[in-house]
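1. this is the structure alone, sequence omitted:
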């Protein structure tokens, strides 16, 4: 073979190998061991720590409404968009073609035609939207951009996606949770074709923090700063809830979703209720749950069951359950449909909910955003929702886990080899 051709092929192969290696590397997580238990959620030090170590700080004056499933979520989001007078900002990982995608496209386009500033940031990988919908929005004046579109200068960061689900209207009304814009979220979790999920509607000063999260990613994608009063107006108190919108990005240090979860678990004194659509805990997380159990904390983890959109992740998760089950951690699987909820409640006072999964990808390379709420009344509502979901779930015992077939054990083990990529 011609020497020049061999050299070119070698260089190309090296480039591809290096590119893949960069994208498989999940970066340096900040913590590889459990945190010490120094205070509980009810201690004033907990709120101080969460406001100081995890910026921005907790702010009061918020009113937060819990929305269950698409039957409640989509009408509330669409009503907010249609009420917009100044601006609409939407950032989402999943926006798929379908009936609900068309409804959102038309609502956003109508507001843009009415003179409202509409900015839509879609992840390049997660979005699968017909060009007709995109053209309808663009023709109406909607500013549509893709996050991390492949380019020669960012090929090493293709694995970095925005997984955030943010909608902010007029800088005052905001939504976040686990919901993407796709027909699988329609309905009321009445069957396998309708996901079970939770979204939150927020009014108050924390809405500005959510807008700030959008502005940051919009700046990264476009170089444009959205700093006018149309996006950042004065926001008056609207309710009793103390909250923060916490964001994380790759290499964020203190802006680490892993740190936020580990601090929350370390502060548990009574109970941890975790709803997780994708649960692949690392050693630090497993150790944190085990330490909580040794303190007498009741730990309940609710996961997808037979209806799982990524079965590989379920297998990788199951391979890691043995020490948790041995310690008395309760692991439950939701039975009726895909369970896509991402909510943690600690000591019935602290709630973290949003886009983040409980896995290495969310902790290391995704851009994520969670709404954290420090309020016993709000937390009690989330406990009620969790307990209701448990009625449609099945608890997995240690004996059942150990009695899996040889084939299942092999598949779980094989999936776990790639758990660092999940």
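-> Noted; the coordinates are in hand. These figures come from a predicted structure and were not determined experimentally. Numbering: from 1, shown residues only.
2. what lines up beside the strand ranked longest in the chain in the sheet?
-> Longest strand in the chain by number of residues (criterion: DSSP state E): strand 59-68. Using DSSP bridges, strand 59-68 pairs in its sheet with strand 198-203 (antiparallel), strand 241-248 (antiparallel).
3. could you point out which of those sits nearest residue 395?
-> strand 198-203 (21.1 Å; C-beta to C-beta). No exception for glycine: its C-beta is placed from N, CA and C like everyone else's.
4. please name every helix or strand in contact with the helix or strand just after the closest one.
-> Downstream of strand 198-203, the first helix or strand assigned by DSSP states H and E is helix 206-222. Under the contact criterion of 3 or more C-beta pairs under 8 Å, 6 or more residues apart in numbering; DSSP states H and E, helix 206-222 touches strand 59-68, strand 87-92, strand 117-123, strand 143-147, strand 166-169, strand 173-177, strand 241-248, strand 368-374.
5. name the SS class of the nearest residue to residue 198 once chain neighbours are set aside, please.
-> Nearest residue to residue 198, sequence neighbours excluded (C-beta to C-beta, 6 or more residues apart in numbering): residue 341, at 5.1 Å. When classified by DSSP: H, G, I helix; E, B strand; the rest coil, residue 341 comes out as coil.
6. for residue 341, what are its contacts?
-> 178, 196-198, 275-277, 302, 389 (C-beta atoms under 8 Å, 6 or more residues apart in numbering).
7. please apply the same query to residue 349.
-> 41-42, 374-376, 379.
8. residue 222: which of the helices and strands packed on helix 206-222 is closest?
-> When those are compared by C-beta to C-beta, strand 143-147 sits nearest residue 222, at 5.5 Å.
9. give me the sheet partners of the closest one and which way each runs.
-> Assessed with DSSP bridges, strand 143-147 is paired to strand 117-123 (parallel).
10. for the strand it pairs with, the distance to its chain's centre please.
-> For strand 117-123, the distance from its own C-alpha centre to the chain's C-alpha centre is 18 Å (C-alpha atoms, centre = their mean, to the nearest Å).
11. residues contacting that strand, please?
-> Defining contact as C-beta under 8 Å, 6+ apart, one finds that strand 117-123 is touched by 84, 86-95, 108, 111-112, 129, 137, 141-148, 161-163, 214, 217-218, 221, 226, 230-231.
12. show me where pLDDT drops low in this protein?
-> For the chain, the stretches with pLDDT under 70 are 1-30, 150-159, 251-255, 419-422.
13. contact partners for the residue nearest the centre of it?
-> Nearest to the geometric centre of the chain sits residue 355, at 1.4 Å (C-alpha atoms, centre = their mean). Neighbouring residues of residue 355 by C-beta under 8 Å, 6+ apart: 93, 163-165, 176-178, 342, 362, 366, 368-370.
14. at 7 Å what do you get?
-> By C-beta atoms under 7 Å, 6 or more residues apart in numbering, the contact set of residue 355 is 163-165, 176, 178, 342, 368-370.
15. and for residue 136?
-> For residue 136, the contacting residues are 105, 109, by C-beta under 7 Å, 6+ apart.
16. that one belongs to a helix?
-> Yes. With three-state DSSP as the criterion, residue 136 is part of a helix.
17. what about the helices in this structure?
-> Ranges of helices in the chain, per DSSP state H, are 3-24, 44-52, 69-82, 99-113, 131-140, 206-222, 257-266, 283-294, 311-318, 322-326, 360-364, 376-390, 398-402, 406-416.
18. circling back: go through the contacts of residue 349 and say which is closest to residue 315.
-> The closest of these, once distances to residue 315 are taken by C-beta to C-beta, is residue 379, at 32.3 Å.
19. and the closest one, how close does it get to residue 328?
-> 23 Å (C-beta to C-beta, to the nearest Å).
20. ok, residue 143 next?
-> Noted for residue 143: a distance of 52 Å to residue 328, by C-beta to C-beta.
21. before we move on, what about residue 187?
-> Taking C-beta to C-beta, one finds residue 187 at 36 Å from residue 328.
22. do residue 303 as well
-> Distance, residue 303 to residue 328, by C-beta to C-beta: 17 Å.
23. what do you get for residue 47?
-> With distances taken as C-beta to C-beta, residue 47 is found 29 Å from residue 328.
24. compare the two (neighbour count), which wins?
-> Between residue 47 and residue 328, counted using other C-beta atoms under 10 Å, residue 47 has the larger neighbour count: 18 against 14.
25. ok, now which ones touch the more buried one?
-> Contacts of residue 47 (C-beta under 7 Å, 6+ apart): 58, 374.
26. and residue 68, how many neighbours does it have?
-> Neighbours around residue 68, by other C-beta under 10 Å: 17.
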